[in-house]
Structure formats: structure tokens, C-alpha cells
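Student: Next one to model:
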Amino acid sequence: MVHAHPTDAAFVRFMEGRGPGALASLGRDPSALDPSAVLRLVDQLSPWFGGPRAWFPLDARGFENVPSRPSLVVSNHSGGTSIPDAWGLGVSWYRHFGASRPIHALAHDMVFALRATAEPFARLGVLRAGRDVARRVLVEHGHDLVVMPGGDLDTWRPHKDRYKVRFSGRMGYARLAITNQVPVVPVAHAGAHDTLVVLTDGRWLARRMRLPQLFRAEVFPVHLSLPFGLAIGPVPHLPPPTTLRYRFCPAVTPPPHEPDAPLDEGDVRAFDAEVRHRMQAALDGLRDATPPLGERLRQRIRRVRAGDQPGV
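Tutor: The predicted structure is shown next:
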């Protein structure tokens, strides 16, 4: 049996308290992942992600850098609440590895505040962010795990910073990797942050509205996006067609650590710095390889006419 743990988001606590406890248990059991459901969804998403003439062409490279499982895949986060980057990463992973190598993802508690999202995401292997459940995935189940440490602060970073890694000092993933002695695979992503223009992340406004206490949210962004034009708050948008590019970097091996020994915070900071350094270097490469907007539009038209699909 999977036991519920308290959350620090008041809204999630309220929603969990409305039922007999079934909601509180969702997103805590890695064995809830249903590989057949994942593969069905990947097939259903083909018109949108990576298929011929897809809305989001996928260009994913560097899978040869992924070591034997379990691995901790760490990516930057882009594209607002619609998270096309996360969907594209998942589709790319399963198209390459298939169901023989399932991967879990850690998500915000808000995903599990409503049954309409909690149940299907649990079947896809999405779990509530937390050290205990992450350890079960990596150690007890021996599965891969993907995390995006920057969270809302990263996915809502201003458009001018779209080619910058923004973890905002969050190093829980580094502690997790060192404690459990699993390699980290940095993944640099570019593309999803071109589907909207974030003017400001609105961190000051989020604090005034007590969003960290109510929803565990650090931002209240202002952005230019479809269909509303000027939008205020973390509302989902309709992303225009964009190539989603991923670069899997060489894995970073954690420093040696004895079980149950206290962590050396210097090792944690150095490990985090190395992961971010590799990710930033790959992101810089994606930025430098980005053609001007006019050329990107011409390339897109040529691909649609030819039915070509790069990188996957």
C-alpha cells in the first residue's frame, strides 16, 4: 500500500480532503505505470509530435549518451503551462527505447489535485515530486526518472532568457543522484519557449498573492500568446508549430558517497555546477544553430510539403 504524505500546497490539501483519500494516494506508486497506455498515447500523439507533417517536429539526438538504467535525466523546462517540451521529450524517449525502458517523471502536486488529471497521469508513470518516491523509482524499481529542477521558474522565464538554464538554486536532483549513486544525463531543450513570449515571470506578484502557500507556485507571469494575445497568469496557451530540439549530453557520474553518510554540500554544489555547465553548453549550441525566423519558416514549409521528419 502507498501511504499519502502531506503537501505544503493549501489547494491540494483541500482537494485531497474532499474525498475518501483515493486522490491523495495517486502519483505515489511507481508500479501504477501502464506501458501499454504509454505506447497508445505515443501513437495517438503522432499527428502532433514527431510524426510526418507533425505540428511539433522532433529533433532528438544523443541517445547514445544514456547509460544503462537506472539514470536520472535532468532537463531544462520551457513553454509555459502547456509544457510542449515535456510531451516532446517523452515521445522522443519512447520512440527510441520503446516500452522495454519506461521512464517516470516527477510533477507538481497540482497535477494530482484533480481526478481528471491525476488518474491518467499516474498510468503514464508521472509521480509527485519527492525524494522518497524518486528513490523508489531509481533503486527499488530500477527505472529511469526525468526531472526538470527549474519548474515554474524555468518554464516561465522571460523570453530574453530562453537560451539560459535557470534552476534557481534548486539542487534536490543532485542530492538524489549522489545519495543513490545514479548518473545524471543532462538534456538541453530549445523550441518550446518560442511558442510564446514571456514578458515577466511576475515573482513579486505571486508573493503578494500568497501563491507559494496556496498552490506552491512561485510565479504569476505576463505573456504574449495565443489565443488571448496578452495573457496574465500561468494560463495554458495554444503553441504555434515549432521544432522541439533535444540534446542528450554525456552522463555525469556522481562523486562517491557512503550509504547513510551525511552529504558534503560542496560535492552537491560542484555536481550541480557540472550538470548545468554541460546543459548550458549544449543549449548554447542549439542557439548558435538556430537559423533566422524567415529561414525557419521556409524550412517548415519545405518539410510539410515533403513529409520529412528530422532527428527521430
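
Student: For stretch 208-216, what does the pLDDT average out to?
Tutor: Stretch 208-216 shows a mean pLDDT of 84.

Student: same thing with stretch 169-189?
Tutor: Summarised as a single mean, pLDDT over stretch 169-189 is 97.

Student: Kindly report the same for stretch 227-238.
Tutor: Averaged across stretch 227-238, the pLDDT comes to 95.

Student: Residues touching that stretch, excluding its own?
Tutor: Stretch 227-238 is contacted from outside by 80-82, 152, 156, 195-196, 217, 219-226, using C-beta atoms under 8 Å, 6 or more residues apart in numbering. All C-beta atoms are positioned from the backbone trio N, CA, C, and that covers glycine.

Student: buried sites along it?
Tutor: By 16 or more other C-beta atoms under 10 Å, the buried positions in stretch 227-238 come out as A231, G233, P234, H237.

Student: quick check, nearest of these to V73?
Tutor: Using C-beta to C-beta, P234 comes nearest to V73 of the buried residues of stretch 227-238, at 24.2 Å.

Student: buried stuff in stretch 25-40?
Tutor: S25, L26, G27, R28, P30, A32, L33, D34, P35, V38.

Student: how long is it from one end to the other?
Tutor: Using C-alpha to C-alpha, to the nearest Å, the end-to-end distance of stretch 25-40 comes to 25 Å.

Student: follow-up on the earlier one: tabulate the buried residues of stretch 25-40 (JSON lines), appending pLDDT and distance to F248.
Tutor: Shown next, in JSON lines, are the buried residues of stretch 25-40 (pLDDT from 0 to 100; distance: C-beta to C-beta, whole Å):
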{"residue": "S25", "pLDDT": "78", "distance to F248": "33"}
{"residue": "L26", "pLDDT": "84", "distance to F248": "30"}
{"residue": "G27", "pLDDT": "88", "distance to F248": "26"}
{"residue": "R28", "pLDDT": "89", "distance to F248": "28"}
{"residue": "P30", "pLDDT": "93", "distance to F248": "22"}
{"residue": "A32", "pLDDT": "93", "distance to F248": "26"}
{"residue": "L33", "pLDDT": "95", "distance to F248": "21"}
{"residue": "D34", "pLDDT": "95", "distance to F248": "25"}
{"residue": "P35", "pLDDT": "91", "distance to F248": "21"}
{"residue": "V38", "pLDDT": "96", "distance to F248": "19"}
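
Student: export these to CSV and tack on distance to A174 and secondary structure?
Tutor: Conversion of the buried residues of stretch 25-40 to CSV gives the following (distance: C-beta to C-beta, whole Å; DSSP: H, G, I helix; E, B strand; the rest coil):
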residue, distance to A174, secondary structure
S25, 29, helix
L26, 28, coil
G27, 23, coil
R28, 23, coil
P30, 21, helix
A32, 27, helix
L33, 25, coil
D34, 30, coil
P35, 29, helix
V38, 28, helix
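
Student: Next, format those as JSON lines and append distance to L89.
Tutor: Below are the buried residues of stretch 25-40 laid out as JSON lines (distance: C-beta to C-beta, whole Å):
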{"residue": "S25", "distance to L89": "27"}
{"residue": "L26", "distance to L89": "22"}
{"residue": "G27", "distance to L89": "19"}
{"residue": "R28", "distance to L89": "22"}
{"residue": "P30", "distance to L89": "19"}
{"residue": "A32", "distance to L89": "20"}
{"residue": "L33", "distance to L89": "16"}
{"residue": "D34", "distance to L89": "19"}
{"residue": "P35", "distance to L89": "17"}
{"residue": "V38", "distance to L89": "13"}
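
Student: If anything else comes up later, I'll come back, but that's it for now.
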